[in-house]
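[1] Sharing a model prediction with you, sequence too.
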Amino acid sequence: MPGVLIVYYSLSGKTRAAAETLRISMGADIVEIRDGRRRRGLRGVLRSVLESLTGAVPEIESDGHHPLAYKLVVLATPVWAARPASPMCAYIERHRAILPEVAFLCTYGGVGAAATLARLEELVGKAPVTTLSLSDKDRKSGEYRDAIGRFARRLRGAAKDAAPTGAGGNIQAFFADRRR
Ligand SMILES: Cc1cc2nc3c(=O)[nH]c(=O)nc-3n(C[C@H](O)[C@H](O)[C@H](O)COP(=O)(O)O)c2cc1C
């Protein structure tokens, strides 16, 4: 569906799989956030947890589609220590001023989804049009695809009602964003 951009970060592939399923179901554009930090092994996991807890943000790359060109951006992240993954926090920090309507998707083991969604709302500075949390248990059950299908329907409705693209034509914010 034109007008919807999915932006995701994924360390071990689960959020990527959910974001891809959503992309196929909606015909939306998609962008992956990448960071170069080592996150494997005990040290990598500890670093990731520490970043989440302290709010430290890593350097990231996210080539391709720009949120300014969309009516609705879906931010998809794994839960790290009951918070959004730090590369997603870095993306929000960089694009906050120009994000149009937002929706949130998180994948998680079993705890911390509600706190993560609340933190995403705090970071973005506005309420999402809709949210979806997918636990490991949901992923293993047949409910997973249905839940993504229902999420996609809510997104389509929200995108239809949303203002035209361009984050309200906030050109100043666009150029401030480009200077970073
Ligand atoms: C650093 C780190 C911290 C995590 N913290 C949590 C947590 O607080 N609660 C939880 O349910 N799962 C936690 N997990 C599990 C991930 O949220 C879960 O496996 C997620 O689906 C992984 O997504 P990904 O494959 O896209 O990286 C954590 C994983 C990592 C690597």
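    In hand now; what should we look at?
[2] Could you use CA atoms for every contact and neighbour count after this?
    Noted.
[3] ok, now how distant is the residue nearest to residue 59 when sequence neighbours are not counted from the ligand?
    Excluding its sequence neighbours, the residue lying closest to residue 59 (CA to CA, 6 or more residues apart in numbering) is residue 35, at 6.2 Å. For residue 35, the distance to the ligand equals 12 Å [CA to the nearest ligand atom, to the nearest Å].
[4] how many neighbours does residue 35 have?
    18 (other CA atoms under 10 Å).
[5] isn't it right up against residue 48?
    No: look at residue 35 against residue 48 with CA atoms under 8 Å: they stay out of range, at 11.6 Å.
[6] Need phi/psi at the residue nearest to residue 59.
    phi -140, psi 150 (degrees, to the nearest 10).
[7] any low-confidence regions in the chain?
    Scanning the chain with the threshold set as pLDDT under 70 gives 1, 164-180.
[8] Need the residue closest to the centroid of it.
    Centroid check for the chain by CA atoms, centre = their mean gives residue 75 as the closest residue, at 1.8 Å.
[9] Can you tell me which residues in this protein are near the ligand?
    The chain comes close to the ligand at residues 10-16, 45, 48-49, 78-82, 107-112, as judged by CA under 6 Å from any ligand atom.
[10] at 8 Å what do you get?
    With CA under 8 Å from any ligand atom as the criterion, the chain comes near the ligand at residues 9-17, 39, 44-49, 77-83, 85, 106-113, 134-136.
[11] Tell me the buried residues within those.
    Neighbour-count burial (16 or more other CA atoms under 10 Å) applied to the residues of the chain next to the ligand gives 9-10, 14-16, 39, 48-49, 77-83, 85, 106-108, 112-113, 134-135.
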